[in-house]
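# My questions are about this predicted structure, shown below with the sequence.
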Amino acid sequence: MTDKLIIFDTTLRDGEQSPGASMTKEEKLRIARQLERLKVDVIEAGFAASSNGDFEAVKAIADVIKDSTVCSLARANDRDISRAAEALRGAQRARIHTFIATSPLHMEKKLRMTPEQVLEQARLSVRFARNLCADVEFSPEDGYRSEIDFLCRVLEAVIDEGATTINIPDTVGYAVPELYGHFIKTLRERIPNSDKAIWSVHCHNDLGMAVANSLAGVKIGGARQVECTINGLGERAGNCALEEVVMAVKTRRDYFGLEVGIDTTQIVPASRLVSQTTGFVVQPNKAVVGANAFAHASGIHQDGVLKARDTYEIMRAEDVGWSANKIVLGKLSGRNAFKQRLQELGIVMESESELNAAFAKFKELADRKAEIFDEDIIALVGDESVTAEKERYGLVALAQRSETGERPHARVVFTIDGKEVVGEADGNGPVDASIKAIESHVQSGAELLLYSVNAITSGSTESQGEVTVRLQHGGRVVNGVGADPDIVVASAKAYLAALTKLHSAVERVAAQG
Ligand SMILES: CC(=O)SCCNC(=O)CCNC(=O)[C@H](O)C(C)(C)COP(=O)(O)OP(=O)(O)OC[C@H]1O[C@@H](n2cnc3c(N)ncnc32)[C@H](O)[C@@H]1OP(=O)(O)O
Ligand SMILES: CC(C)C(=O)C(=O)O
């Protein structure tokens, strides 16, 4: 058994399955490049057979990523596996990850297949995949809730057919650490050809145990691959968080005795980039990447840390990508300081013109706000990435009126493809009136799923609001982010950003025919 732990990142596949987290090809490519800088071993880039858009995204990532293996998920059927192989054709190193459910519940109720049919389908699919790709991973979906005798038969068969990685999903987050660890151990002990494959864990966080279960699968079960996502993004309550499992293994090397190849200084930039791209904010007390993860407010802690950091810090902030010294960005800052902060946030501008456009917006905001915080940069570049995505809707001005006894009124001047329009409406409050004023023109038909004020950053002279708006229309769910000292303006910006993403998503589907 090797002492290297393989990090398999599925942010771009399982992470993208989070409602509202769908990404464009450009956004996935930008994150894939950051994952490569992070030195993850495997990037699961998507599910090539699920749509032309995802096929193109997997293909684009496979064509540019050189230092990580690029993987695509595929159901256990020839069509999906062929599409995956086609998308991966340009990869330096490719992996096909095929799966089929093996639990009684999934086989009977979802697949409507007998166990023998599933066993045969698994066997044939791995054989088919192996003829197209030397690196084949097999997952028995809902494996942890499968009957172990049957599961041993399936896994022995697929290893015989050439599966090189066996991944055991706790698909619904039902496992507990000790039992999951021993489950993996038992499988490896009972399957005669188990030494021919690398064993992998894939845990969901429905009970908040994804990281603990993954670590138990490694320590007790002998797994040597962990499937995880940045910020723990993923279906429902998410997956095992990459930053947590990596820093646990590195910080407690005395217990795990394993090496990971991750460049941990790229963790915070990766976290920021995924948060900014998906609009999923990271809670301040999130381990490793939360804003408070290395912040000390109480006097005793501050005193201790000032005297000796390890009194209250078991790892160094700089080692995970936080900047040691805090450069305060403001109207006197230059392009280099701005560019440096973008890099710390995992945001790499694709062109000088994109950087210049973002810098111009930064200076305009800095003229109005004493201190610029990371949230401002993320939101501002969020606007920029929207701009890069052919900004359809942009805010010009917003006026609001609320007389005692009257319903608040809003007048919003905004652009649609560069053409200025004016919308006016009354509402239950200034934000509601502003959204109604925008919709009086756009009539998007979108449903507002979520409105959240993510951060009120308090500068020396004024506060700053950042808002996320989540819209749904025709099965598409998108997030828009906006920031401004005026929370109503930030809300209007976020709403227009979401409308732009929704429109882009619709355009992409239309383009696919
Ligand atoms: C645990 C996980 O995260 S699994 C990965 C989940 N990811 C996704 O679903 C990606 C997005 N999904 C999609 O784009 C679509 O579901 C597709 C393209 C994969 C399939 O779409 P459709 O052909 O319309 O099928 P639909 O989604 O309605 O149903 C899934 C079908 O696949 C079958 N199926 C499900 N899993 C598997 C599997 N691993 N192997 C083979 N067949 C499977 C189901 O039994 C069902 O078949 P049925 O239509 O004969 O009943
Ligand atoms: C397809 C498998 C690996 C999966 O995502 C799950 O079962 O959670």
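Looks like it arrived, so ask away. A quick note: this is a predicted structure, and the numbers were derived from the prediction, not measured. Ligands and ions are numbered 1, 2, ... in the order given.

# can you give me the helices for the stretch 251-400 of the chain?
253-256, 267-278, 299-307, 335-344, 352-368, 374-388 (DSSP state H, counting those that start in this stretch).

# Contacts for the first one, please.
Spelled out, it's helix 253-256. 5, 215, 218-219, 248-249 (CB atoms under 8 Å, 6 or more residues apart in numbering). Heads up, the C-betas are built off the backbone N, CA and C, glycines and all.

# related to what we said a few turns ago, determine which stretch of the helices of the stretch 251-400 of the chain is the most buried.
The highest mean neighbour count among the helices of the stretch 251-400 of the chain, using mean count of other CB atoms under 10 Å, belongs to helix 267-278: a mean of 25.

# For that helix, name the packing helices and strands.
Counting contacts by 3 or more CB pairs under 8 Å, 6 or more residues apart in numbering; DSSP states H and E, helix 267-278 packs against helix 25-38, helix 242-251, helix 335-344, helix 374-388.

# what pLDDT, on average, does it get?
Helix 267-278 shows a mean pLDDT of 93.

# before we move on, what about stretch 316-330?
According to the model, stretch 316-330 has a mean pLDDT of 77.

# Would you point out which residue of the stretch 201-350 of the chain is nearest ligand 1?
residue 235 (5.8 Å; CB to the nearest ligand atom).

# what's the closest non-adjacent residue to that residue?
residue 17 (5.0 Å; CB to CB, 6 or more residues apart in numbering).

# Report pLDDT for residue 455.
Per-residue pLDDT puts residue 455 at 61.

# and if you look at residue 501?
Per-residue pLDDT puts residue 501 at 85.

# separation between the nearest residue to it once chain neighbours are set aside and residue 502?
The spatial neighbour of residue 501 that comes closest, neighbours along the chain excluded (CB to CB, 6+ apart), is residue 478 at 4.0 Å. Residue 478 sits 5 Å away from residue 502, going by CB to CB, to the nearest Å.

# which neighbours do the two share?
residue 471.

# got the helices and strands packed on helix 267-278 as a markdown table, with distance to ligand 2 and mean pLDDT columns?
Below are the helices and strands packed on helix 267-278 laid out as a markdown table (distance: least, CB to the nearest ligand atom, whole Å; pLDDT from 0 to 100):
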| stretch | distance to ligand 2 | mean pLDDT |
| --- | --- | --- |
| helix 25-38 | 17 | 96 |
| helix 242-251 | 15 | 98 |
| helix 335-344 | 31 | 81 |
| helix 374-388 | 27 | 60 |
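
# In JSON lines: those helices, plus distance to ligand 1.
Formatted as JSON lines, those follow (distance: least, CB to the nearest ligand atom, whole Å):
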{"stretch": "helix 25-38", "distance to ligand 1": "14"}
{"stretch": "helix 242-251", "distance to ligand 1": "17"}
{"stretch": "helix 335-344", "distance to ligand 1": "32"}
{"stretch": "helix 374-388", "distance to ligand 1": "24"}
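
# Compare the ones you listed and give me the one nearest residue 279.
helix 374-388 (7.9 Å; CB to CB).

# Isn't residue 287 up against residue 243?
Yes - counting by CB atoms under 8 Å, residue 287 does reach residue 243; the two are 7.1 Å apart.

# higher neighbour count, the two?
Comparing residue 287 with residue 243 by other CB atoms under 10 Å, the one with more neighbours is residue 243, at 29 against 14.

# what's near enough to touch the residue of the stretch 201-350 of the chain closest to ligand 1?
14, 17-18, 204.

# and which of those residues is nearest ligand 2?
Ranked by distance to ligand 2 (CB to the nearest ligand atom), the contacts of residue 235 are led by residue 14 at 5.0 Å.

# Next one: that closest one, what pLDDT does it get?
The model's pLDDT for residue 14 equals 98.

# ok, now residue 510?
On the pLDDT scale, residue 510 is placed at 60.

# next one: residue 65
The model reports residue 65 with a pLDDT of 98.

# Now name the helix or strand holding residue 479.
In the assignment (DSSP states H and E), residue 479 maps to strand 476-484.

# So which bits of that strand are buried?
476-484 (16 or more other CB atoms under 10 Å).

# which of those lies closest to residue 102?
Of the buried residues of strand 476-484, the one sitting nearest to residue 102 (CB to CB) turns out to be residue 477, at 30.1 Å.

# Could you find the closest non-adjacent residue to the closest one?
Nearest residue to residue 477, sequence neighbours excluded (CB to CB, 6+ apart): residue 20, at 4.5 Å.

# do the same with residue 3
Spatial nearest neighbour of residue 3, excluding adjacent residues (CB to CB, 6+ apart): residue 258 at 5.5 Å.

# Check residue 424 too.
In space, residue 424 is closest to residue 411, 4.8 Å off (CB to CB, 6+ apart).

# Given the helix or strand harbouring that neighbour, what are its sheet partners and their directions?
Using DSSP H and E, residue 411 sits within strand 409-416. Next to strand 409-416 in the sheet, as set by DSSP bridges, lie strand 393-401 (antiparallel), strand 419-426 (antiparallel).

# got the buried residues for that strand?
409-412, 414, 416.

# restrict those to those near ligand 2?
Applying CB under 6 Å from any ligand atom to the buried residues of strand 409-416, one finds that nothing falls near ligand 2.

# Including distance to residue 174 and pLDDT, could these go into JSON lines?
Listed next are the buried residues of strand 409-416 as JSON lines, based on distance: CB to CB, whole Å; pLDDT from 0 to 100:
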{"residue": "409", "distance to residue 174": "52", "pLDDT": "96"}
{"residue": "410", "distance to residue 174": "48", "pLDDT": "96"}
{"residue": "411", "distance to residue 174": "53", "pLDDT": "96"}
{"residue": "412", "distance to residue 174": "48", "pLDDT": "97"}
{"residue": "414", "distance to residue 174": "47", "pLDDT": "95"}
{"residue": "416", "distance to residue 174": "48", "pLDDT": "92"}
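
# Out of those, the closest to ligand 1 would be?
Using CB to the nearest ligand atom, residue 416 is the member of the buried residues of strand 409-416 that lies nearest ligand 1, at 31.2 Å.

# For the closest residue to ligand 1 within the stretch 101-250 of the chain, give me the pLDDT.
Per CB to the nearest ligand atom, residue 111 is where the stretch 101-250 of the chain lies closest to ligand 1, at 4.6 Å. Residue 111 carries a pLDDT value of 98.

# Once you drop chain neighbours, what's closest to it?
In space, residue 111 is closest to residue 101, 5.9 Å off (CB to CB, 6+ apart).

# was I right about the one you found contacting residue 145?
No - assessed by CB under 8 Å, residue 101 is found out of contact with residue 145, at 9.5 Å.

# In terms of neighbours, single out the busier of those two.
Shown here are residue 101 and residue 145; by other CB under 10 Å, residue 101 has more neighbours (25 against 19).

# if I look at the more buried one, how far off is residue 10?
Applying CB to CB to residue 101 and residue 10 gives a distance of 18 Å.

# Can you tell me the SS state at the residue in the stretch 201-350 of the chain positioned nearest to ligand 2?
Closest contact between the stretch 201-350 of the chain and ligand 2, by CB to the nearest ligand atom, is at residue 202 (4.8 Å). Here residue 202 is strand, with the state taken from DSSP: H, G, I helix; E, B strand; the rest coil.

# Residue 280 is in contact with residue 21, correct?
Yes - using CB under 8 Å, residue 21 is in contact with residue 280, at 6.4 Å.

# Give me the contact list for stretch 66-75.
In contact with stretch 66-75 (CB under 8 Å, 6+ apart) are residues 8, 13, 35-36, 39-49, 58, 61-62, 80-81, 83-84, 87-88, 91-100, 129, 135, 137.
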